[in-house]
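Undergrad: Fold the following for me, if possible:
(2 chains)
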Protein chains: 2
Amino acid sequence: MSTERIFNFSAGPAVLPEIVLDEASRHLKSLRDSGMSVLEMSHRSQEVSEIFDSAVANIRILANVPDDYHVLFLQGGATQQFAMVPLNLLSENGSADYVITGSWSKKAFKEAQRFGSVRIVGSSEDQDFVRIPTEHELEFSSDAEYLHITSNNTIFGTQWRSTPPGSTTAPVVVDASSDIFSRPIDVSRHGLIYAGAQKNLGPAGVTLVIVKDEIIRTKKLPERVPTMLRYATFADSASLYNTPPVFAIYIVGLVVKWLLQKGGLTAVAESNEQKAGKLYSILDSSNFYQGTADPHSRSLMNVTFRLPNEELEKRFLTQATNAGLVGLKGHRSVGGLRASIYNAFPEEGVETLTSFMREFERKSG
Amino acid sequence: MSTERIFNFSAGPAVLPEIVLDEASRHLKSLRDSGMSVLEMSHRSQEVSEIFDSAVANIRILANVPDDYHVLFLQGGATQQFAMVPLNLLSENGSADYVITGSWSKKAFKEAQRFGSVRIVGSSEDQDFVRIPTEHELEFSSDAEYLHITSNNTIFGTQWRSTPPGSTTAPVVVDASSDIFSRPIDVSRHGLIYAGAQKNLGPAGVTLVIVKDEIIRTKKLPERVPTMLRYATFADSASLYNTPPVFAIYIVGLVVKWLLQKGGLTAVAESNEQKAGKLYSILDSSNFYQGTADPHSRSLMNVTFRLPNEELEKRFLTQATNAGLVGLKGHRSVGGLRASIYNAFPEEGVETLTSFMREFERKSG
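TA: Sure thing, here's the model as predicted:
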């Protein structure tokens, strides 16, 4: 890491691989020998076509995406997906299942209620979302048109061990915004996977959608569904129905290339487990630091913890910031501390944080 | 201009001010002394708040935006606005007026038909869109909830002399994607102005919306209007309801600062008139080059013209590209040539093109 950069534990937008920033800044005024910035290029130019095609092809390789799935780039973040999913998949007389594991799945559920009948088939809200419900706690509906889950919960530091949950027969829709491509995933067992890019994939401003062709073709959508909220609009135009967010897709392409160079999702998962493991082992071996998530539901992306009191938490944050460890404040809705350590977060930063934590405990414990 | 950059006549995404690219590339790895890229910064951080606040404040100064108008940053481009406008402003039993001056206004009209009753109150389609209808050709409805126009038509090279058209009483909604901030505008006489950023304002991936508070408050929207398609969602959160496209807004902020430094909209308009004037004077003084737009409706942003035959047009394009003049091909739906010379397009590039045109005519005419 260059000396000028600090360790950025932000929950998203979040740290990007330094090699990606290097390449982007080197080419910002002129992409290769084109004489223009990628920020200035027509989305229908040869250069941008190559950037898009290569991003899609590399995502297909990275996640072993089957041929009957589209890899699409949309706008509006996960929040717009909260509406698009039911608008495209929920029939007027049908219904869908939602598992509530945190603030984001609640928002997804609430938004879906605008468009039809949706049911909560599992929730850990009565336990303050410190855990993911186990399989036998979930009561899937037999007639659900889809099941929606949020694979990782940034605020509460919890994560499904894997997706999809075993016994559902409905197509599974996963909001994977905060753990996309952090570990291997069997795409073929999902109906639709969506992810705002700004945590594990790139900058804010683009949403990756991987969707099975079949599930966006079977329903005839009502006239009043806007063109830009129809998956078919993007599937039929290779994400080029209108001007897409070219630069954000360019950066996602660079990040995906970097993930492949790291050895793909198995290697990435190993690195993520090591990073998170170091932090959880401090929480487990200390009476000073208290992990907030149930150990069986712990997230490899967001490690949430408390100190003995808020005064100490405040001091911890100030001293950490001064030591070049920034973004460690927990979400305003729950307080405490949170270390977000997405794919691009360097191991060196985790080492620095664990040393800092040991030293802080020694001085204050 | 640095020698490595070429002259980019693309219709959008389009050329950006070189000074903006310089600043962005200098800070791409670390914004000022923050130790992180603006691509990695939390949208709720102090740094990003300052970037947003200053972009909005400078837009207010630049266009003299009244206090009862919101300045918002959305996603989805003008195409998503084609749906948002009627979803927010058109009542179930109401109707709205549309003037059709090209492909984009046709698309806006067609999308609006999904949501209610809309009328065409003027069109130049029967004249192949070579002109903007005159005021007395427009038949505004007395009960229209809004009037929608497209201020500049990139494909046909036409532009309204000014907006809004004089005699309508309904709130005027303008798609200004291709001429926003290219000349002074009386915002107070408009209900809503929207613009995809990628022509005159910044990179693709963000849409500027300037909207009067009153017109987004009077109607109670049906439950089924998605949260992300409600202007109030963005107005009530200062565009921070969910993660906005931070980097695109950052670049828009730099472009707006540059427009102010150039002397504001009057100075910008003068420069645009000069640039376009040079090209139109070639078209007017030559039998070789034929302007396609009616002289009274000519655009200052997109200068469209034909050569005596397609063979010559092809040769023109090839030789222009070799001379470092790129992106001059007309839209695939109309053919011919098009020089897009938005705010950021340098005068030097227009000089180079006019010289090239004279020389090409001499050799081929």
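Undergrad: Residue ranges of each domain in chain A, please.
TA: Taking automatic domain parsing as the reference, chain A has its domains at A:22-261, A:264-364.
Undergrad: most packed of these?
TA: Highest mean neighbour count among these (mean count of other C-beta atoms under 10 Å in any protein chain shown): domain A:22-261, with a mean of 20. Where you see a C-beta, it was placed from the backbone N, CA and C, and this is true even at glycine.
Undergrad: Averaged pLDDT, it. What do you get?
TA: Averaged over domain A:22-261, pLDDT sits at 96.
Undergrad: how about stretch A:231-245 as CSV, C-alpha atoms only?
TA: Provided in CSV are the C-alpha atoms of stretch A:231-245 (Å, rounded to 0.1, in the frame of the first residue of the first chain):
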residue,chain,number,x,y,z
TYR,A,231,-35.6,-6.7,-16.7
ALA,A,232,-36.5,-7.6,-20.3
THR,A,233,-35.5,-4.1,-21.4
PHE,A,234,-32.0,-4.7,-20.3
ALA,A,235,-31.8,-8.3,-21.2
ASP,A,236,-32.9,-7.6,-24.8
SER,A,237,-30.4,-4.8,-25.3
ALA,A,238,-27.4,-6.2,-23.4
SER,A,239,-27.8,-3.3,-20.9
LEU,A,240,-27.7,-0.7,-23.7
TYR,A,241,-31.3,0.3,-23.9
ASN,A,242,-30.3,3.8,-22.9
THR,A,243,-27.0,5.3,-21.9
PRO,A,244,-25.6,3.1,-19.1
PRO,A,245,-23.2,4.3,-16.3
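Undergrad: do it and chain B meet at all?
TA: Yes. Against chain B, stretch A:231-245 shows contacts by C-beta under 8 Å from any C-beta of the partner chain at A:Tyr241, A:Asn242, A:Thr243, A:Pro244, A:Pro245.
Undergrad: Among those residues, which one sits closest to chain B?
TA: A:Pro245 (3.2 Å; C-beta to the nearest C-beta).
Undergrad: Report the contact partners of the closest residue to that closest one other than its chain neighbours.
TA: Take A:Pro245 and drop its neighbours on the chain: the residue closest to it by C-beta to C-beta, 6 or more residues apart in numbering or on different chains is B:Gly205, 3.2 Å away. The contact partners of B:Gly205, taken as C-beta atoms under 8 Å, 6 or more residues apart in numbering or on different chains, are A:75, A:205-206, A:244-248, B:75, B:197-198, B:245, B:247-248.
Undergrad: switch the cut-off to 10 Å
TA: Neighbour list for B:Gly205: A:39, A:75, A:203-206, A:243-249, B:13, B:75-77, B:196-198, B:245, B:247-249, B:251-252 [criterion: C-beta atoms under 10 Å, 6 or more residues apart in numbering or on different chains].
Undergrad: A:Glu139 now?
TA: A:Asp97, A:Arg119, A:Ile120, A:Val121, A:Gly122, A:Pro133.
Undergrad: Provide the secondary structure category for it.
TA: Recorded secondary structure, A:Glu139: coil (DSSP: H, G, I helix; E, B strand; the rest coil).
Undergrad: Against A:Leu147, how distant is it?
TA: Distance, A:Glu139 to A:Leu147, by C-beta to C-beta, to the nearest Å: 11 Å.
Undergrad: any residues in contact with both of these two?
TA: Overlap of the contact sets of A:Glu139 and A:Leu147 (by C-beta under 10 Å, 6+ apart) consists of A:Asp97, A:Val121, A:Gly122.
Undergrad: can you tell me which of the residues you listed are in strands?
TA: With strands taken from DSSP state E, the overlap with the shared contacts of A:Glu139 and A:Leu147 comprises A:Asp97, A:Val121, A:Gly122.
Undergrad: show me what contacts A:Asn8?
TA: Residues in contact with A:Asn8 (C-beta under 10 Å, 6+ apart) are A:14-16, A:324-328, A:340, A:342, A:344-346, A:349, B:34-37, B:40-42.
Undergrad: Mind checking which of these are in strands?
TA: In this view, the contacts of A:Asn8 that belong to strands under DSSP E are A:Leu325, A:Val326, A:Ser340.
Undergrad: Make a markdown table out of the residues you listed and add pLDDT and distance to chain B.
TA: Below are the ones in strands among the contacts of A:Asn8 laid out as a markdown table (pLDDT from 0 to 100; distance: C-beta to the nearest C-beta, whole Å):
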| residue | pLDDT | distance to chain B |
| --- | --- | --- |
| A:Leu325 | 97 | 11 |
| A:Val326 | 96 | 8 |
| A:Ser340 | 98 | 10 |
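Undergrad: Mind checking what helix or strand follows the longest helix along chain A in sequence?
TA: Ordering each helix of chain A by length in residues (DSSP state H) puts helix A:264-284 first. Later in the chain than helix A:264-284, the nearest helix or strand by DSSP states H and E is strand A:290-291.
Undergrad: Residues touching that next one, excluding its own?
TA: Strand A:290-291 has contacts (C-beta under 10 Å, 6+ apart) with A:130, A:157, A:279-280, A:282-284, A:298, A:303-308, A:336.
Undergrad: Name every strand pairing with the next helix or strand after it and say which way it goes.
TA: Later in the chain than strand A:290-291, the nearest helix or strand by DSSP H and E is strand A:302-306. Each strand paired with strand A:302-306, and its direction, by DSSP bridges: strand A:290-291 (antiparallel), strand A:337-340 (antiparallel).
Undergrad: CA atoms of strand A:302-306 as CSV?
TA: Extracted as CSV, the C-alpha positions of strand A:302-306 are listed here (Å, rounded to 0.1, in the frame of the first residue of the first chain):
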residue,chain,number,x,y,z
ASN,A,302,-18.9,-6.8,8.4
VAL,A,303,-17.5,-7.5,11.9
THR,A,304,-19.7,-5.8,14.5
PHE,A,305,-18.7,-5.4,18.1
ARG,A,306,-19.1,-3.3,21.3
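Undergrad: ok and it relative to helix A:264-284, angle-wise?
TA: Between the axes of strand A:302-306 and helix A:264-284, defined by axes from the mean of the first three to the mean of the last three C-alpha atoms, to 10 degrees, the angle is 10 degrees.
Undergrad: Report the rounded mean pLDDT for strand A:302-306.
TA: Summarised as a single mean, pLDDT over strand A:302-306 is 98.
Undergrad: Show the subsequent helix or strand relative to that strand.
TA: Per DSSP H and E, strand A:302-306 leads on to helix A:310-322 as the next helix or strand towards the C-terminus.
Undergrad: Dump that following helix to CSV, keeping only the CA atoms.
TA: Once non-C-alpha atoms are left out, helix A:310-322 reads as follows in CSV (Å, rounded to 0.1, in the frame of the first residue of the first chain):
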residue,chain,number,x,y,z
GLU,A,310,-19.9,4.2,24.8
GLU,A,311,-17.3,6.5,26.3
LEU,A,312,-14.6,3.9,25.4
GLU,A,313,-16.2,3.4,22.0
LYS,A,314,-15.8,7.1,21.3
ARG,A,315,-12.2,7.1,22.4
PHE,A,316,-11.6,3.9,20.3
LEU,A,317,-12.9,5.6,17.2
THR,A,318,-10.9,8.8,17.7
GLN,A,319,-7.7,7.0,18.3
ALA,A,320,-8.3,4.5,15.4
THR,A,321,-8.9,7.4,13.0
ASN,A,322,-5.7,9.1,14.2
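Undergrad: which residues touch it?
TA: Applying C-beta under 10 Å, 6+ apart, the contact partners of helix A:310-322 are A:6-7, A:9, A:288-289, A:305-307, A:309, A:325-330, A:335-337, A:339, A:352-353, A:356-357, A:359-361, A:363-365.
Undergrad: swap the cut-off to 7 Å and go again
TA: The contact list for helix A:310-322 (C-beta atoms under 7 Å, 6 or more residues apart in numbering or on different chains) reads A:Leu307, A:Leu328, A:Lys329, A:Gly336, A:Leu337, A:Phe356, A:Phe360, A:Ser364.
Undergrad: Show me the contact partners of stretch A:61-76.
TA: Stretch A:61-76 is touched from outside by A:56, A:59-60, A:181, A:185, A:187-188, A:205-214, A:234-235, A:239, A:244-245, A:249, A:256, A:259-260, A:264-265, B:75-76, B:228, with contacts defined as C-beta under 7 Å, 6+ apart.
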